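Engineer: how would this look folded up:
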Amino acid sequence: MKKYNFNAGPSILPAEVIKQTADAVIDFQGEGLSILEISHRAKYFQPVVDEAEALMKELLNIPEGYRVIFVGGGASMQFCMVPFNCLEHKAAYLNTGVWSKKAIKEAKAFGEVVEVATSAADNFTHIPMDFEVPQDADYLHITTNNTIYGTEISDEKLQAIYAKKGNVPLIADMSSDILARPIDVSQYDIIYGGAQKNLAPAGVTFVIVKEAFLGKVSRHIPTMLDYRTHVENGSMFNTPPVLPIYTAMLTLRWLKANGGLEAALERNMAKADLLYKAIDESKIFEGTAKKEDRSMMNICFVLKPEYAHLQDDFFKFATAKGMVGIKGHRLVGGFRASTYNAMTLEGVQALVDCMKEYEQSLNL
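Structural biologist: Numbering: from 1, shown residues only. Okay, the predicted model is just below:
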């Protein structure tokens, strides 16, 4: 039975990338050594880091003056590194879910934090936009996609945020929608994210940073937590996560070979439209996020109240049909299908067919 991986993260990777990574685990580039055991200082690994950075710059159209670095610690480490490096007096945060809340908690250790808006009262089912950004803030922080609640800041709302921020630097956690669509990197001073959703296995974190934005705080920053350390050493100050960086490079090659981010956006929209249409037309399922803020990457849905008692039954049915990782987060319940770049339209269609078959079996 074919299985379809809808896990929210670590998540699906392109089949050819998995195969190439597996080959490198056995023998990296014909060197007779596994990539798991080579030195990161070896002459044949440096080109991997260089190509990964170059492909990120190319695919995202990153302007001059920015660097791409690869570090450890996940996005959760960035919740600390961002304020450590950038918060001198006051920072503004848009609170759209669990990850925003965690980032806010860390930032409060370094200075004043202003929560400009939150949708907590509505269980984070929408992106709040009725806010102003204090123009004396050191930066505004946003989370562009919320894996748990299935919301995403649309391009239209991003444009509104760019206007609202004025001259305040913008920092974004893009862990779960990086490379899913084109973005205007020039609007941001830092973009970061864990790679285990749309780029690579867990273990590496990407950071896109405007070099001129660094070195502005007066506090001492420990060496490993200072962005400048990793910029100046090309992600090689200490032993980097070699295997995930290699897989990230392969994924970036795959994205480029398949039309870049414009083509990725077209595919992602098609997948999301297909699944949301099935949810909206269903007699038993309904979406959880407000329609204008629905995520392309994490599609959350539940059984309507009168059918809620069937949740475990549908989950067993879907699992038997090869649907993997569709159980919703405990804070939302129901189901979640993560349709990252590597998920195919065929996979989404299989889930839609599964949902329809189950509904028909109820003879409503």
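Engineer: going forward, measure contacts and count neighbours with C-alpha atoms only.
Structural biologist: OK.
Engineer: Before we move on, what's the pLDDT of residue 145?
Structural biologist: The predicted local distance difference test score for residue 145 is 98.
Engineer: show me what contacts it?
Structural biologist: Residue 145 is in contact with 151, 152, 153, 174, 175, 176, 177, 295, 297, counting by Cα atoms under 8 Å, 6 or more residues apart in numbering.
Engineer: The last one - how many residues pack around it?
Structural biologist: Spelled out, it's residue 297. 29 (other Cα atoms under 10 Å).
Engineer: quick one, helices of the stretch 101-250 of the chain?
Structural biologist: Ranges of helices in the stretch 101-250 of the chain, per DSSP state H, counting those that start in this stretch, are 155-165, 227-232, 242-257.
Engineer: contacts for the longest one?
Structural biologist: Counting by Cα under 8 Å, 6+ apart, the neighbours of helix 242-257 from elsewhere in the structure are 13-14, 17-18, 20-21, 35-36, 40, 48-49, 51-52, 55-56, 59, 70, 195, 199-204, 261, 264.
Engineer: Restricted to strands, list those.
Structural biologist: Cross-referencing the contacts of helix 242-257 with the strands (criterion: DSSP state E) gives residue 70 as the overlap.
Engineer: can you count the residues close to residue 290?
Structural biologist: Around residue 290 there are 14 other residues, counting by other Cα under 10 Å.
Engineer: ignore the last one, residue 95
Structural biologist: 24.
Engineer: likewise residue 296?
Structural biologist: Other residues near residue 296 number 28, with proximity taken as other Cα under 10 Å.
Engineer: Please enumerate the strands of the stretch 51-200 of the chain.
Structural biologist: In the stretch 51-200 of the chain, the strands defined using DSSP state E, counting those that start in this stretch lie at 66-71, 90-95, 112-118, 140-143, 145-146, 151-152, 170-173, 190-194.
Engineer: Which elements pack onto the second one?
Structural biologist: Contact here means 3 or more Cα pairs under 8 Å, 6 or more residues apart in numbering; DSSP states H and E; on that basis strand 90-95 packs against helix 98-107, strand 112-118, strand 140-143.
Engineer: Now that we have these, can you turn them into a markdown table and tack on distance to residue 186?
Structural biologist: Listed next are the helices and strands packed on strand 90-95 as a markdown table, based on distance: least, Cα to Cα, whole Å:
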| stretch | distance to residue 186 |
| --- | --- |
| helix 98-107 | 22 |
| strand 112-118 | 22 |
| strand 140-143 | 15 |
